[in-house]
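# coordinates for the following, if possible.
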Amino acid sequence: MPTTYEPIATTTLGSNQTSVSFTSISGSYTDIVIVTNVSGNDGAICIRFNNDTGSNYSRTQIRGNGTAASSTQLSNQTYIGGTSNLSVTAGSLQTAIWNIQNYSNTTTYKTIVFRDGMASHITGATVGLWRSTSAITRIDLSPEFGSQVFYSGSTFTLYGILSA
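Residues are numbered from 1 along each chain as shown. Here you go, the predicted model:
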């Protein structure tokens, strides 16, 4: 990572889990980035902020698998879901990067850019909006469907971007 990226926290799953959380996030960075290497049994990777489960999220996404492409736009959602589909074999990791701009600003809504891919599976990009002016102090990641899990060995790293 560039020297402006400062690692804040890393979680490597020792067993299958239904969610991963980063809590007590300091407001001392300009932006934050989450890098995941994940496998799971179905659905997209979803993100929520500050325990907000209300319909305050929107997203637009594009994705492709080498033979077909699609796009989706959703408003008034209870999370922002990435483009990935976690239906991959345990041990086969899909890489994703979440860029969250101005996360500690208390006067604007929060914007997210998500990119992911796995050469044998899918690649895509999502832009998202959390309609809240609250500073982000907690991030929860989970598979899209409540009965699904992230497999053991999946990693989640939170970085802070230092101002230039």
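# and Gln61, bridged to which residues?
Thr72, Thr126 (DSSP bridges).
# how about the closest residue to Ser71 other than its chain neighbours, what does it touch?
In this structure, Ser71 finds its nearest non-sequential neighbour in Ile62, 4.7 Å apart by Cβ to Cβ, 6 or more residues apart in numbering. Using the backbone N, CA and C atoms, a C-beta is placed for each residue, glycine as well. Residues near Ile62 by Cβ atoms under 8 Å, 6 or more residues apart in numbering: 69-71, 83, 124-125.
# what's the spacing between Ile62 and Asn102?
To Asn102, Ile62 is 23 Å away according to Cβ to Cβ, to the nearest Å.
# what's the separation between Val33 and Tyr103?
Taken as Cβ to Cβ, the span from Val33 to Tyr103 is 10 Å.
# more neighbours: which of those two?
Using other Cβ atoms under 10 Å as the criterion, Val33 and Tyr103 rank with Tyr103 on top: 24 against 19.
# can you say which helix or strand has that one in it?
Tyr103 is part of no helix or strand, with elements assigned from DSSP states H and E.
# ok, the closest residue to it other than its chain neighbours - how many residues close by?
Distances taken as Cβ to Cβ, 6+ apart put Ile136 closest to Tyr103, at 4.2 Å, once the chain neighbours are dropped. Ile136 has 21 neighbours, counted by other Cβ under 10 Å.
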